[in-house]
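Peer 1: how does the following fold in three dimensions:
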Amino acid sequence: MKKFSKRVGFVSLGCDKNRVDTEKIITTLSRHREFSFTASKEDADIIVINTCSFLQSSRDESSETIYEMAEMKKKGHLEKLIVVGCLPLLDLQEAQTKFKNVDKFVLPKDYENIDKIIFELYGKRNTKKQPVLSRKLTTPLHYAYLKIADGCNNRCAFCKIPFIKGKYKSYLIKDLVDEAQQLVSCGVREIILVAQDVTRFGQDTKESLITLIRKLSKIKKLVWIRLLYCYPDMVSDELIMEIKNNPKILHYIDIPFQHISNHILSGMRRRTTKRDIVELINKLRRQIPDIKIRSTFMVGFPGETKRDFRELCYFLKIFKLDNVGFFKYSREEGTASYNMNFQVDEKIKDERLEKIQKLQEKIITKKNKKLFKKTFKVIVDKKEGEYYIGRTYFSAPDIDFEVAFSSENNIKIGSFVDVKIKDFKNGYFVGYVDK
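Peer 2: A predicted model of the protein is given here:
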């Protein structure tokens with residue numbers, strides 16, 4: 001009798017929070033000898049697609065990926081197709097009706113039982129699990145994302161996340177610290193805290209983000225702690241001082257401001273004003289002079305006038321944030337902004353997006369030149385040709401500017417080196433090891 005053995009491939013779409021969920025699913029399956037893993041969809045017996053539904057473009061990408069894998073299954077190149085993530089969570093019945101070739105839709109509450117679900121799809125019994133030391137990573141082994149909460153309470157007028165994910169739910173500090181310790185014991189040196197809003201952590205459990213950070217900081221071999229997605233109205237003086245005084249927290253913060261016009265901020269149902277944002281930026285820079293601030297802004301929200309857009313552009317010129325992402329408003333059914341008057345024409349959205357991206361490119365190119373001849377501690381992520389590629393404290397993976405540098409000596413991936421910056425081109429800092 002042939003031994004039951006299946007190769008599993010994964011497609012993870014969307015945010016870093018989805019990445020963590022995918023890694024936990026891989027970890028669950030890795031506890032069984034019957035499952036092995038492949039990065040090639042052509043070699044897989046089973047494909048698990050982790051979907052995103054944040055925007056219509058995200059849902060389109062998820063649907064296209066499902067159809068592509070379903071076609072492979074139809075041609076006999078794939079045995080089982082499983083879909084997890086936000087798409088079935090948004091509307092399970094619709095997903096089941098639309099995607100007939102999917103063998104199973106699995107909701108987040110059932111992720112820990114996905115091994116049992118797959119065995120049942122094959123008519124097999126769930127086998128005894130073998131121990132796994134730590135979460136299986138899809139990132140390089142020296143950094144990992146730590147998802148500290150799920151859901152969202154902010155109810156911004158443009159966002160579907162609260163409808164998809166539900167209310168904000170913090171994970172317990174004890175469990176998070178245990179997970180972080182396991183990751184560090186396996187070589188992780190940088191932990192990146194993620195949630196829809198990390199600054200709200202603990203409000204539902206009578207714990208706090210500060211307490212979590214301090215307990216994580218006690219993990220001996222953990223070098224860097226990075227904070228992503230801090231909402232502006234929740235960045236307290238206490239948190240600012242913790243960032244300033246705790247040597248393990250990087251002087252880097254990602255704060256999605258979304259806009260600067262009070263008229264638009266009010267329409268978005270954001271809880272901040274232009275004055276609040278300006279005061280927060282000034283406070284951060286005053287208390288932590290080397291702080292690097294990343295943000296995201298939306299163009300084309302209903303009612304955005306030429307004046308509102310010019311105000312946003314002027315703000316960027318004056319405050320010169322360290323990195324900025326832009327996206328155009330997507331009209332999402334079910335959100336408060338869907339039925340708002342004065343929807344902005346798609347052509348105007350595209351024009352504004354292009355214009356503001358070009359403006360920011362000029363701003364950041366000029367600003368980054370001021371870093372020439374300065375030396376920074378860099379974590380080495382990989383080697384490409386003659387260059388090592390790494391990140392400074394102000395570079396989060398995949399979203400910020402990397403450092404390409406040369407060295408006469410072999411450097412271990414995941415190690416830290418001092419790199420002197422000599423140039424900035426093609427979206428990279430260029431440097432060399434500072435001896």
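Peer 1: N50: what secondary structure?
Peer 2: Under DSSP: H, G, I helix; E, B strand; the rest coil, N50 falls in the strand class.
Peer 1: could you pull up the contacting residues of it?
Peer 2: F10, V11, S12, L13, G14, N18, D21, T22, I25, V84, G85 (C-beta atoms under 8 Å, 6 or more residues apart in numbering). All C-beta atoms are positioned from the backbone trio N, CA, C, and that covers glycine.
Peer 1: could you do K283 as well?
Peer 2: D237, I240.
Peer 1: tell me the pLDDT of it.
Peer 2: The model reports K283 with a pLDDT of 98.
Peer 1: for it, pull up the helix or strand it's in.
Peer 2: helix 274-287 (DSSP states H and E).
Peer 1: again with V11
Peer 2: Going by DSSP H and E, V11 is part of strand 6-12.
Peer 1: now do S295
Peer 2: S295 belongs to strand 292-299, assigned by DSSP H and E.
Peer 1: pull the residues that contact that strand.
Peer 2: Residues outside strand 292-299 that contact it (C-beta under 8 Å, 6+ apart): 158, 251-260, 268, 281, 284-285, 309, 312, 321-329, 349, 352-353, 356, 393-394, 396, 399-400.
Peer 1: re the thing from before, other SSEs contacting the strand holding V11?
Peer 2: Counting contacts by 3 or more C-beta pairs under 8 Å, 6 or more residues apart in numbering; DSSP states H and E, strand 6-12 packs against helix 16-30, strand 35-37, strand 46-51.
Peer 1: pretty sure R19 contacts S12?
Peer 2: Yes: assessed by C-beta atoms under 8 Å, R19 is found in contact with S12 at 5.6 Å.
Peer 1: would you confirm that P131 contacts R31?
Peer 2: Yes: the pair P131 / R31 is scored as a contact, 7.4 Å apart, by C-beta under 8 Å.
Peer 1: with neighbour numbers in mind, choose between the two.
Peer 2: Neighbour tally, P131 and R31, criterion other C-beta atoms under 10 Å: the higher count belongs to R31, 14 against 5.
Peer 1: who are the neighbours in contact with that one?
Peer 2: Applying C-beta under 8 Å, 6+ apart, one finds that R31 lies in contact with D115, K129, Q130, P131, V132.
Peer 1: could you redo the last one with a cut-off of 6 Å?
Peer 2: Neighbour list for R31: K129, Q130, V132 [criterion: C-beta atoms under 6 Å, 6 or more residues apart in numbering].
Peer 1: how close does the nearest residue to it once chain neighbours are set aside sit to I118?
Peer 2: Among residues not flanking R31 along the chain, K129 sits closest, at 4.0 Å (C-beta to C-beta, 6 or more residues apart in numbering). Distance, K129 to I118, by C-beta to C-beta, to the nearest Å: 13 Å.
Peer 1: in this protein, which helix is the longest?
Peer 2: helix 346-368 (DSSP state H).
Peer 1: in that helix, what's buried?
Peer 2: By neighbour count on 16 or more other C-beta atoms under 10 Å, the buried set for helix 346-368 is K349, R352, L353, I356, L359, Q360, I363, I364, N368.
Peer 1: re earlier: C-alpha coordinates for the next helix or strand after the strand holding S295, CSV please?
Peer 2: Counting by DSSP H and E, the next helix or strand C-terminal to strand 292-299 is helix 306-319. Once non-C-alpha atoms are left out, helix 306-319 reads as follows in CSV (Å, rounded to 0.1, in the frame of the first residue of the first chain):
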residue,chain,number,x,y,z
LYS,A,306,-8.0,70.7,-6.0
ARG,A,307,-7.4,72.8,-2.8
ASP,A,308,-7.4,69.7,-0.6
PHE,A,309,-5.0,68.0,-2.9
ARG,A,310,-2.7,71.1,-3.0
GLU,A,311,-2.8,71.2,0.8
LEU,A,312,-1.6,67.6,0.9
CYS,A,313,1.2,68.3,-1.5
TYR,A,314,2.3,71.4,0.4
PHE,A,315,2.4,69.4,3.6
LEU,A,316,4.7,66.8,2.1
LYS,A,317,7.0,69.6,0.9
ILE,A,318,7.2,71.2,4.3
PHE,A,319,7.4,68.1,6.6
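Peer 1: after helix 306-319 comes which helix or strand?
Peer 2: Using DSSP H and E, the helix or strand that follows helix 306-319 in sequence is strand 323-328.
Peer 1: quick one: that following strand to chain centroid distance?
Peer 2: For strand 323-328, the separation from the chain centroid amounts to 14 Å (computed by C-alpha atoms, centre = their mean, to the nearest Å).
Peer 1: got the CA positions of that strand in PDB?
Peer 2: Extracted as PDB, the C-alpha positions of strand 323-328 are listed here (Å, rounded to 0.1, in the frame of the first residue of the first chain):
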ATOM      1  CA  ASN A 323       9.000  57.400   3.300                       C
ATOM      2  CA  VAL A 324       5.500  57.600   2.000                       C
ATOM      3  CA  GLY A 325       3.100  55.200   0.300                       C
ATOM      4  CA  PHE A 326       0.200  56.500  -1.700                       C
ATOM      5  CA  PHE A 327      -3.000  54.800  -3.000                       C
ATOM      6  CA  LYS A 328      -6.100  56.100  -4.700                       C
END
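Peer 1: thinking again about what came up before, give me the sheet partners of the strand holding V11 and which way each runs.
Peer 2: strand 35-37 (parallel), strand 46-51 (parallel) (DSSP bridges).
Peer 1: give the buried residues for the shortest one.
Peer 2: What that stands for is strand 35-37. For strand 35-37, burial by neighbour count (16+ other C-beta under 10 Å) applies to F35.
Peer 1: what's the model's confidence in that strand, averaged?
Peer 2: Averaging pLDDT along strand 35-37 yields 95.
Peer 1: what residues does it touch?
Peer 2: With contacts defined as C-beta under 6 Å, 6+ apart, strand 35-37 is touched by K6, R7, V8, L29.
Peer 1: 10 Å - rerun?
Peer 2: With contacts defined as C-beta atoms under 10 Å, 6 or more residues apart in numbering, strand 35-37 is touched by 4-10, 26, 28-30, 43-46, 115, 118-119, 127, 136.
Peer 1: low-confidence stretches in the chain?
Peer 2: For the chain, applying pLDDT under 70 flags the ranges 1-2.
Peer 1: switch to 90 and redo it
Peer 2: Where the chain drops to pLDDT under 90, the residues are 1-4, 54-55, 125-134, 154-155, 163, 406-409, 425-427, 434-435.
Peer 1: ranges for the helices of it?
Peer 2: Using DSSP H, the helices of the chain run over 16-30, 56-74, 86-90, 92-98, 114-121, 161-165, 173-185, 209-217, 237-245, 262-267, 274-287, 306-319, 346-368.
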